[in-house]
Each structure stands twice: as C-alpha cells, then as structure tokens.
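Asks: need a 3D model of the sequence below.
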Amino acid sequence: MRILAPAMVTIFLFIFVATWNNFLLPLIVLFLGLQKYWQSGLAAGSVKG
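Replies: The predicted model follows:
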C-alpha cells in the first residue's frame, strides 16, 4: 500500500487541476462579461457627495 502513495498523490493532483480548470475558465468568461457593471459600481461608491 505504501508504494501506491506517490501514484495516488499524482492522480489526485491531476484530478484537482482538471476540476479547477473546469471551474476557472467559465468564471473568467463570466467576469469578463460582467466587468462593466462591476467597474461602474466600484466607481460609483468612490465618488463623494
């Protein structure tokens, strides 16, 4: 069982990176699409008075 530990860690890392990429890429597309609303809200909060 101890000899399988490096292989299991490698498989876990591959699965983790693949899952992270599947989450991150749509999030970037969503952020780019909603960027103008995010920037306008940020600028509106910084104007005094």
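Asks: quick one: low-confidence parts of the protein?
Replies: Where the chain drops to pLDDT under 70, the residues are 40-49.
Asks: at 90 instead, please
Replies: 1-2, 21, 25-26, 29, 31-49 (pLDDT under 90).
Asks: the helices in it, which residues?
Replies: Secondary structure of the chain (DSSP state H): helices at 5-33, 35-46.
Asks: state the distance from the residue positioned nearest the centre of the chain to Leu34.
Replies: Centroid-nearest residue in the chain: Leu24, 3.5 Å away (criterion: Cα atoms, centre = their mean). Using Cβ to Cβ, to the nearest Å, we find Leu24 at a distance of 16 Å from Leu34. C-betas here are computed from N, CA, C, even on glycine.
Asks: likewise Asn22?
Replies: Where Leu34 is concerned, Asn22 sits at a distance of 20 Å (Cβ to Cβ).
Asks: next: Val9.
Replies: 37 Å.
Asks: then Phe23?
Replies: Counting by Cβ to Cβ, the gap from Phe23 to Leu34 is 17 Å.
Asks: cool, and Ile3?
Replies: When Ile3 is compared with Leu34 (using Cβ to Cβ), they lie 49 Å apart.
Asks: look at those two and report which has more neighbours.
Replies: More crowded of Ile3 and Leu34, by other Cβ atoms under 10 Å: Leu34, with 10 against 6.
Asks: gap between that one and Pro26?
Replies: Leu34 is 12 Å from Pro26, by Cβ to Cβ.
Asks: relative to the whole chain's centre, how far out is stretch 23-31?
Replies: Taking Cα atoms, centre = their mean, to the nearest Å, the mean C-alpha location of stretch 23-31 is offset from the chain mean by 7 Å.
Asks: list the buried residues in it.
Replies: Residues of stretch 23-31 include none that count as buried (16 or more other Cβ atoms under 10 Å).
Asks: put the alpha carbons of it into PDB.
Replies: Listed next in PDB are the C-alpha coordinates belonging to stretch 23-31 (Å, rounded to 0.1, in the frame of the first residue of the first chain):
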ATOM      1  CA  PHE A  23     -14.300  25.900 -12.800                       C
ATOM      2  CA  LEU A  24     -11.900  28.700 -13.500                       C
ATOM      3  CA  LEU A  25     -12.400  29.200 -17.300                       C
ATOM      4  CA  PRO A  26     -16.200  29.800 -17.200                       C
ATOM      5  CA  LEU A  27     -15.600  32.100 -14.200                       C
ATOM      6  CA  ILE A  28     -13.200  34.200 -16.200                       C
ATOM      7  CA  VAL A  29     -15.700  34.300 -19.200                       C
ATOM      8  CA  LEU A  30     -18.400  35.400 -16.600                       C
ATOM      9  CA  PHE A  31     -16.200  38.100 -15.100                       C
END
